[in-house]
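Asks: What would the 3D arrangement of this be:
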Amino acid sequence: QMQLVESGGGLVQAGGSLRLSCVASGRTFSRYAMAWFRQPPGKEREFVAAVSWGGTSTYYADSVKGRFTGSRDNAKNTGYLQMNNLKPEDTAIYYCAAKSDYGGRSVGEYRYWGQGTQVTVAS
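Replies: Numbers count the residues shown, from 1 in each chain. I've put the predicted structure just below:
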């Protein structure tokens with residue numbers, strides 16, 4: 001089993017920035033692609049960003065492209081989501097997820113999940 005623990009969420013004003021972290025344990029982190037999802041209040045969980053095993057390839061939801069950057073440091077077993085120019089509509093619980101192959105935007109494709117961290121963007 002792989003355990004994922006997110007941190008770094010909080011309350012921020014619109015236009016501000018946050019960096020989320022996701023620490024992995026229990027499995028060899030570098031063998032797993034990772035992704036970030038979010039669940040806004042009252043809505044379904046949605047894809048945000050994906051990062052390949054070594055971090056050299058990424059792709060994003062259109063709603064965050066150009067504002068969010070996914071990365072990872074395999075030596076630290078940690079993934080990151082840098083969020084800039086935050087908007088009120090970015091308010092959500094943010095989750096990191098992992099699976100052995102790279103690619104895919106569906107919740108059901110990812111095997112391992114963290115518990116989530118709350119991000120609130122005030123207008």
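
Asks: Going by C-alpha atoms from here, please, whenever you check contacts or count neighbours.
Replies: Fine.

Asks: spatially speaking, which residue is in the middle of the chain?
Replies: W36 (2.5 Å; Cα atoms, centre = their mean).

Asks: Just to be sure, it is in a helix?
Replies: No - counting by DSSP: H, G, I helix; E, B strand; the rest coil, W36 falls outside a helix, being strand.

Asks: Tell me how many other residues crowd the spatially closest residue to it that is not a sequence neighbour.
Replies: Spatial nearest neighbour of W36, chain neighbours left out: C96 (4.5 Å); criterion: Cα to Cα, 6 or more residues apart in numbering. C96 has 30 neighbours, counted by other Cα atoms under 10 Å.

Asks: If I look at C96, what pLDDT would I see?
Replies: Note for C96: predicted pLDDT of 98.

Asks: isn't there a helix covering it?
Replies: No - with three-state DSSP as the criterion, C96 is located in strand rather than a helix.

Asks: That one touches R111, doesn't it?
Replies: No - C96 is beyond contact range of R111, at 10.8 Å (criterion: Cα atoms under 8 Å).

Asks: shouldn't E46 be in contact with D62?
Replies: No - with contact defined as Cα under 8 Å, E46 does not reach D62; the gap is 11.6 Å.

Asks: which one of those two has more residues nearby?
Replies: Per other Cα under 10 Å, whichever of E46 and D62 has more neighbours is E46, with 17 against 10.

Asks: Now for that one: which residues touch it?
Replies: Neighbour list for E46: F37, R38, Q39, S106, V107 [criterion: Cα atoms under 8 Å, 6 or more residues apart in numbering].

Asks: Look up phi and psi at the last one.
Replies: Looking back up the chat, that one is V107. In terms of degrees, to the nearest 10, the main-chain angles of V107 are phi -60, psi -40.

Asks: Using TSV, lay out the contacts of E46 together with distance to V5, neighbour count and pLDDT.
Replies: Shown next, in TSV, are the contacts of E46 (distance: Cα to Cα, whole Å; neighbours: other Cα atoms under 10 Å; pLDDT from 0 to 100):
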residue	distance to V5	neighbour count	pLDDT
F37	14	22	98
R38	15	23	98
Q39	16	19	98
S106	20	11	96
V107	17	15	97
